[in-house]
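Asks: Structure for this input, please:
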Amino acid sequence: MSATTKYDWLQFAYDQAKSANATLETTVNLGNVKNLKKLFSTQMTDVPDGSPVALTDVGGRDLVFIQGEHGHLQAYDAHSGTKVWDHDLGPGSNANSTPAIDPNRQFIYANGNDGYAHKINVADGTEVTGNGWPELTGPGKTSPALTLATVDGTSYLYASNSGHGHITTINLTTGTQHVFSLACANRPDIHFGAPGQPDDCTVKGPNP
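Replies: Down below sits the predicted model:
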């Protein structure tokens, strides 16, 4: 069955309220869900351990984006499974994160294994650099999903890394950021253990 209304799934759990409820979905219901069938299967070069996000009408295509465990952000055609592009986010340990799509629908963000949040063009997978990008998110495993929220017309990206349990908030208009560490909450705006940053927060562990 084909959807009568297209909509985007920009981040984990659908929206900034994490409702996981796409209210525009009317095609699938309790009466016909049993009729769903596999549309396609496709071979992935980097297997994900996070959820996909989706964007409609990107250059005439509907795309599904998946972040692999080993640093690849991949875009696939949502109707055929054909790979559209693959962007290598850099080396590092395994990631279990989910990317997030900018409300302006032009960029997708991924928290990479290299300790940075990357800004990628949705159409072709090219990376945007400069004005702070890629943005430092610090050391530690990139397990949690990225989150986007818009407050008073300004959109923010939230990246949470394990280690000292720090959360990086990035203003998507200005590129400025603030850091809050659960383990050393009295010392804001420090990526403990990152190159050029202090590494004297003595409480360590997952602290997601």
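
Asks: could you check the distance from residue 100 over to residue 130?
Replies: 20 Å (C-beta to C-beta, to the nearest Å). Yep, even glycine has a C-beta here, placed from its N, CA and C like the rest.

Asks: Who has more neighbours out of those two?
Replies: residue 100 (25 against 8; other C-beta atoms under 10 Å).

Asks: Residue 23 versus that one, what's the distance?
Replies: Taking C-beta to C-beta, one finds residue 100 at 20 Å from residue 23.

Asks: which residue lies farthest from the center of this structure?
Replies: If you look at how far each residue of the chain sits from its centre, by C-alpha atoms, centre = their mean, the farthest one is residue 31, at 33.0 Å.

Asks: May I ask which helix or strand encompasses it?
Replies: When elements are assigned from DSSP states H and E, residue 31 belongs to no helix and no strand.

Asks: which phi and psi does it have?
Replies: phi -80, psi -30 (degrees, to the nearest 10).

Asks: so residue 176 makes contact with residue 132?
Replies: Yes - with contact defined as C-beta atoms under 8 Å, residue 176 counts as touching residue 132 (7.3 Å).

Asks: list residues touching both of the two?
Replies: Each of residue 170 lies in contact with both residue 176 and residue 132 under the rule C-beta atoms under 8 Å, 6 or more residues apart in numbering.

Asks: Please identify which of these two sits among more neighbours.
Replies: Each of residue 176 and residue 132 has its neighbours counted (other C-beta under 10 Å); residue 132 has more, 15 against 12.

Asks: Now do the buried residues in the helix or strand hosting residue 150.
Replies: Per DSSP H and E, residue 150 falls inside strand 147-151. Buried positions in strand 147-151, judged by neighbour count with 16 or more other C-beta atoms under 10 Å: 147-148.

Asks: Repeat that for stretch 70-86.
Replies: Applying 16+ other C-beta under 10 Å to stretch 70-86 flags 70-78, 84-85 as buried.

Asks: Could you dump these into CSV and include distance to residue 94 and pLDDT?
Replies: Shown next, in CSV, are the buried residues of stretch 70-86 (distance: C-beta to C-beta, whole Å; pLDDT from 0 to 100):
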residue, distance to residue 94, pLDDT
70, 7, 89
71, 9, 87
72, 12, 93
73, 15, 96
74, 16, 96
75, 21, 98
76, 21, 97
77, 27, 97
78, 26, 96
84, 24, 97
85, 22, 97
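
Asks: any low-confidence regions in the protein?
Replies: 1-4, 93, 204-208 (pLDDT under 70).

Asks: For residue 107, list the residues it contacts.
Replies: For residue 107, the contact set (C-beta under 8 Å, 6+ apart) comprises 101, 119-122, 128.

Asks: Which among the residues you listed count as buried?
Replies: Using 16+ other C-beta under 10 Å, the buried members of those are 101, 119-120, 122.

Asks: Which single one of those residues is nearest to residue 146?
Replies: residue 101 (9.5 Å; C-beta to C-beta).

Asks: My understanding was that the closest one contacts residue 14; is that so?
Replies: No - using C-beta under 8 Å as the test, residue 101 is too far from residue 14 to be in contact (11.5 Å).

Asks: follow-up on the earlier one: what packs against the strand holding residue 150?
Replies: Secondary-structure packing of strand 147-151 (3 or more C-beta pairs under 8 Å, 6 or more residues apart in numbering; DSSP states H and E): strand 100-101, strand 154-161.
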